[in-house]
Each structure stands twice: as structure tokens, then as C-alpha cells.
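Asks: below are the sequence and a predicted model for it; my questions follow.
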Amino acid sequence: MRVNLAGGTYQARSVIASAQTCMNLIPEPPPPGEDSAPWTYYPTPGLTEFAQAASGPVRGIYVPGNGLGFYYAVIGSGVYAISQTTQTMTYIGSIGSSSGPVCMQDNRIVMVIVDGSTNGWYVTLSDNTLTQISDSAFFGATQVVFLDTFLVFNKVNSNQWYSSPSNYAGNSTPFDSLYIATKSTYPDNIVALASINQLIWIIGAQTTELWYDAGSADFPFGRVPEVLIHHGCVASYSIATADGGVFWLSQDLQGRNMVLHGAGYQAKRISTYPIEYAISKYGKVSDAIGMTYSQAGHVFYVLTFPTASKTWVYDLTTDQWHERCSLDASGNEQRHRMNCVAPNGQFIVAGDFENGTLYHLDPGAYTDNGTPIKRQRAFPHMMGNANRVFHRRFVADMGIVDDPNDNLSLDWSDDRGNTFGSPITMAMVNTQGMGFAWWRLGLSRDRVYRLTWTAPIEIALQGAWIEADAGTS
């Protein structure tokens, strides 16, 4: 009997409904004309070292649009310029904090850095000098975005937001004290900003307004009339944009913990019931970090919860979720090491959340900079009308592999997905040409199979063949 897998991770609130995990695997539908399986599961990219500074969290990394060949990273309190060609890392100064995410944005003249305080800094892109902003009409921000030559900021812990002058060039071009506005349709503080499709999304704790460049003399922007999105944001740094849309972890008057995708003049829910239930169990979600990147035809929104040490990934291309993790020094699962990303074409640089390393997010690498990557996929429930089922053989459909130094593990749950037994491992040497086979696997009334491996190889999973006989009791 062929057993196919359906989409991404779906471990339901009760595992009797579904216990399907999908960890460090990307589901992808087949090409037109192929129907051997509805989904194929490919390994998520690994990490290879790109550059490294002194120890500390990589709080943000950014690629300006000026084509001058530098990445910029905030690592601890230090600001670094990194050559895209030589990976040479140059320290250019420090900011006033050493932990927590930062936001960076450029206008081709300067790149501004904000860290959620009342301070701000800018890097002059022509000579890589770092300067603190000294302007009475600058109030700090958690986020900065760009639209039509203006840099736009939220005023910390308030319902106000403001902009720089056009083509801001640092302290020599002072802010205008009149370039400030209030989010007025609902009395909530502004949590985050996004700039997409010529609109500024002013995202509050409960609701969201949309503004545009109206070309006004006193203040450049005007509010899009009669548009109010009844969703706010619970985590400032969960905001990320991609493919003409904005993604964030929501909060509104009715509750929280949905993940939203905003585009046009509306937002839609993209999280599933299991994802929302998992998030609701985390003790803290306000520190969630969101990031986006595109690779191999997929557009990903990565949502990490540092306190809970969990990472979930939404694939905009397939509308599927999967989980990512990295292994710590003891082999335990933890959040993915990626704390921020800077896409530069297909070369994507990621920053480590604790050790100051910049990585290439590399689809041709199968370890996290030498540390094994745990990949796991659980199967649907197998049951026989409440009667016992005799399991003769399980064959994992994973293609042809010859890797005697690494193992593939099969374990299963006979209590409906609540607990799993000791795994049975085999060397990843496929002698049958169709998969890896386990024999004489006992009996059950409701079984959930699960495959796990850490082999640093390119191998895809399509499902399994299971030979089983129904019992009569």
C-alpha cells in the first residue's frame, strides 16, 4: 500500500487528529505530468561560514541598494562593513545597545540604524563612517522604512510617526519638526511600520492604517481614506516584507497569535490551527523575529521565538508550513541559528543569534557549519477500523543512496502519536533501488510512523510503501 504525505507540518492540538511533523524539510509539489506522489520533501539549506566578528549576537544585517559591494551588520554593539567579494569585515563604530534586534534602511546616501531606543545612527555609504543622529526632531524608533526619498520612523512608545527630509544626508540635513503624524483611527500605540507597493503600513497594537505620499507641503503623507485593518501586531520585529506583501504576528481586539499576510488594502490569516495553538503555549511571544528570503523558487517567511527557542517557516509559494531547528552542543533541538538575513540575489547571508558568525544560507550545504541537521517527517495515522493491524514491512521512498557512514531511523507510536518508541536504524545504503525497508514491525490499532536522519547528503522523501494485514480483533 502506498502512503503519501500531505503538505507541511500539521501536529494538531490533539495528536489523534494529526501528529505530522515536518522538520528541516521543504515540501514541494511535483512538476506537471508527474503523479508519483503529491509532495516531495527536500532538505532545507545548511549554513557555511561567510565571515566572523567578535562573539555576540548578530542583531541585523543589511545590503544597501547602491551597488557598492558591502553588507552591513550590527553584532553586539559593534557596526561592521563586510566586503561582498573578499568577506573582509571592518569595524566602523558602535551603537548604544548590545542586544535585541535592530532595523536598518538606506536611501542610497546614508543607511540609518535604529534599535528601539530614542537614539539613532547613520552610516555614510560613500566612506563607511558611523555617526550618531543629533537632531531635536529625531525621536528614535523601533523601525525605519523608505518611500519616495523619505525615511519613515515610528516614535517609540507612542501613536506618532514621522519622516526625514527628502534625501536625508545626515546631521547636515535636519529633520523638520512638522513632518510628524498621529495614528488616529484607534487609540493604540504604533508597533511597527512596513513600506510596500507605494504604501506605508502603520501597524499598531490593535489596528493598522495605510498612508501614501500625497505630496503635501507641511507633511508629505496622507492617509488612505476609509481603510482600517482590524489587526495589530504583538511583536515589533515579527514584521517582514516579501513579494509585495507584509507578514507579521498579529494581535487585535479579539485576541492574538495569528500570523497574517497583508497585501493591497487587507490582511489574511496564513497560520494554521496547530501553528496558532503552538504559539499560544509559548510564555513570551513579543520577542518574535520575522525575516523573509527567496530561494530555489520558494518565498519563505521565517518566524523565530527566541524565548521559546522555536522556529516556524511559511512557504508563500506552496502555502505550507514547516519547522526548522538547529542542534546545540548536546544534540538537543533549539531555534534555528539564523537571527537575521540579507538576501543579495541568490546569495543569502544569515547572522547567528549568539556567536557573531555570518553564514551563507547554502542549499548545497547539509550541515549547520559542521553541526548535523536533524530532519524528520511523521506519517498519517494508520488504523484498521479499530482492529489490530499486522505490520509486515515499511519501505521509505527516498531514492537511491549509498552512504554507509550515516543512518536512517524509523520509530513509531502505537498510542495515537502521544509517545514514540526506540528507533530502529539502518545504514543509508539502498540496495533495492526503491527505498529503505524495515521488516516484521509488530501490530497495532493506530500507528504513526516517523523517519529521522542527520546524514549530510542531498536526499528527498516522497512517502512510503507499507505492507500490512488487517486483523479481526
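Replies: Alright, I've got the coordinates. Numbering: from 1, shown residues only.

Asks: low-confidence stretches in the stretch 301-450 of the chain?
Replies: Applying pLDDT under 70 to the stretch 301-450 of the chain flags residues 430-434.

Asks: would you map the helices across the stretch 201-350 of the chain?
Replies: Here the stretch 201-350 of the chain has its helices, by DSSP state H, counting those that start in this stretch, at 273-280.

Asks: run the chain-centre distance for stretch 417-426.
Replies: 29 Å (C-alpha atoms, centre = their mean, to the nearest Å).

Asks: send the alpha carbons of it over as PDB?
Replies: Once non-C-alpha atoms are left out, stretch 417-426 reads as follows in PDB (Å, rounded to 0.1, in the frame of the first residue of the first chain):
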ATOM      1  CA  GLY A 417       1.000   9.800  18.400                       C
ATOM      2  CA  ASN A 418       1.500  10.600  22.100                       C
ATOM      3  CA  THR A 419       4.800   8.800  22.600                       C
ATOM      4  CA  PHE A 420       7.300   7.100  20.300                       C
ATOM      5  CA  GLY A 421       9.400   4.000  20.900                       C
ATOM      6  CA  SER A 422      13.100   3.400  20.400                       C
ATOM      7  CA  PRO A 423      14.200   4.000  16.800                       C
ATOM      8  CA  ILE A 424      15.400   1.200  14.600                       C
ATOM      9  CA  THR A 425      18.300   2.500  12.500                       C
ATOM     10  CA  MET A 426      19.900   1.300   9.300                       C
END
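
Asks: from now on call the first residue 42
Replies: Got it, first residue is 42 now, which makes that one stretch 458-467.

Asks: in it, what's buried?
Replies: Across stretch 458-467, burial judged by 16 or more other C-beta atoms under 10 Å covers 458, 461. C-beta coordinates here come from the backbone N, C-alpha and C atoms, glycine included.

Asks: list the contacts of Val415.
Replies: No Val there; residue 415 is Lys. 64-65, 366, 368, 374, 493, 495 (C-beta atoms under 8 Å, 6 or more residues apart in numbering).

Asks: buried ones among those residues?
Replies: By 16+ other C-beta under 10 Å, those give 64-65, 366, 368, 493, 495 as buried.

Asks: ok, those residues vs Pro72, which is closest?
Replies: Ranked by distance to Pro72 (C-beta to C-beta), those are led by Asn65 at 23.1 Å.

Asks: how much space between that closest one and Met467?
Replies: Applying C-beta to C-beta, to the nearest Å, the value for Asn65 to Met467 is 20 Å.

Asks: what's the longest strand along the chain packed up against?
Replies: Using DSSP state E, we find that the single longest strand of the chain is strand 443-454. Applying 3 or more C-beta pairs under 8 Å, 6 or more residues apart in numbering; DSSP states H and E, one finds that strand 443-454 makes contact with strand 430-438, strand 465-470, strand 487-494.

Asks: what pairs with it, parallel or antiparallel?
Replies: strand 465-470 (antiparallel), strand 487-494 (antiparallel) (DSSP bridges).

Asks: most neighbours per residue, which of those?
Replies: Ranked by mean neighbour count under mean count of other C-beta atoms under 10 Å, the strands paired with strand 443-454 are led by strand 487-494, which reaches a mean of 22.

Asks: what's that strand in contact with?
Replies: Here strand 487-494 has contacts from 56-57, 60, 62, 415-424, 430, 432, 435, 437, 447-458, 461, 464, 469, 500, 502, 505, 507, using C-beta under 8 Å, 6+ apart.

Asks: how about stretch 206-223?
Replies: Residues contacting stretch 206-223 (C-beta under 8 Å, 6+ apart): 148, 150-151, 153, 163, 165, 172, 174-179, 190-192, 196, 200-205, 252, 259-262.

Asks: could I have the buried ones of these as PyMOL selection syntax?
Replies: Restricted to buried positions by 16+ other C-beta under 10 Å, the PyMOL selection for these reads:
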select buried, resi 148+150+151+153+163+174+176+179+190+191+192+196+200+201+202+203+204+205+252+261+262
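
Asks: which ones among the contacts of stretch 206-223 lie within strands?
Replies: Using DSSP E, the contacts of stretch 206-223 in strands are 151, 153, 163, 165, 172, 191-192, 201-204, 252, 262.

Asks: out of the strands paired with strand 443-454, flag the one nearest Ile237.
Replies: strand 487-494 (39.1 Å).

Asks: list the contacts of Gly331.
Replies: Here Gly331 is in contact with 276, 278-281, 288-290, 342-345 (C-beta under 8 Å, 6+ apart).

Asks: about what we covered before: and which of the buried ones among the contacts of Lys415 is nearest Val186?
Replies: Nearest member of these to Val186, counting by C-beta to C-beta, is Cys366, at 30.9 Å.

Asks: hang on, isn't the closest one packed against Asn65?
Replies: Yes - here Cys366 reaches Asn65: they are 6.7 Å apart, a contact under C-beta atoms under 8 Å.

Asks: related to what we said a few turns ago, dump the buried ones among the contacts of Lys415 to CSV, plus distance to Ser213.
Replies: Output for the buried ones among the contacts of Lys415, formatted as CSV (distance: C-beta to C-beta, whole Å):
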residue, distance to Ser213
Met64, 51
Asn65, 49
Cys366, 47
Leu368, 50
Thr493, 59
Thr495, 55
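
Asks: tell me what the most centrally placed residue in the chain is bridged to.
Replies: Residue closest to the mean C-alpha point of the chain, counted by C-alpha atoms, centre = their mean, is Val343 at 0.8 Å. Val343 has the following beta-bridge partners by DSSP bridges: Met332, Val354.

Asks: from Tyr334, how far off is it?
Replies: From Val343 to Tyr334 the distance is 8 Å (C-beta to C-beta).

Asks: name the residues contacting each of the two.
Replies: Common neighbours of Val343 and Tyr334 (C-beta under 8 Å, 6+ apart) are Val382.

Asks: got the CA coordinates for stretch 241-259 in CSV?
Replies: The C-alpha trace of stretch 241-259 is given here as CSV (Å, rounded to 0.1, in the frame of the first residue of the first chain):
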residue,chain,number,x,y,z
ILE,A,241,3.2,52.9,4.4
TRP,A,242,1.6,50.4,6.7
ILE,A,243,1.2,52.0,10.2
ILE,A,244,0.7,48.9,12.3
GLY,A,245,-0.5,49.5,15.8
ALA,A,246,-1.0,47.2,18.8
GLN,A,247,-4.7,46.6,17.7
THR,A,248,-5.3,48.1,14.2
THR,A,249,-3.5,49.1,11.1
GLU,A,250,-3.7,52.3,8.9
LEU,A,251,-2.4,52.8,5.4
TRP,A,252,-0.8,56.0,4.2
TYR,A,253,0.7,57.2,0.9
ASP,A,254,2.9,60.0,-0.4
ALA,A,255,0.4,62.8,-1.0
GLY,A,256,3.0,65.4,-1.9
SER,A,257,1.7,67.8,0.7
ALA,A,258,3.9,70.7,1.7
ASP,A,259,3.5,70.6,5.5
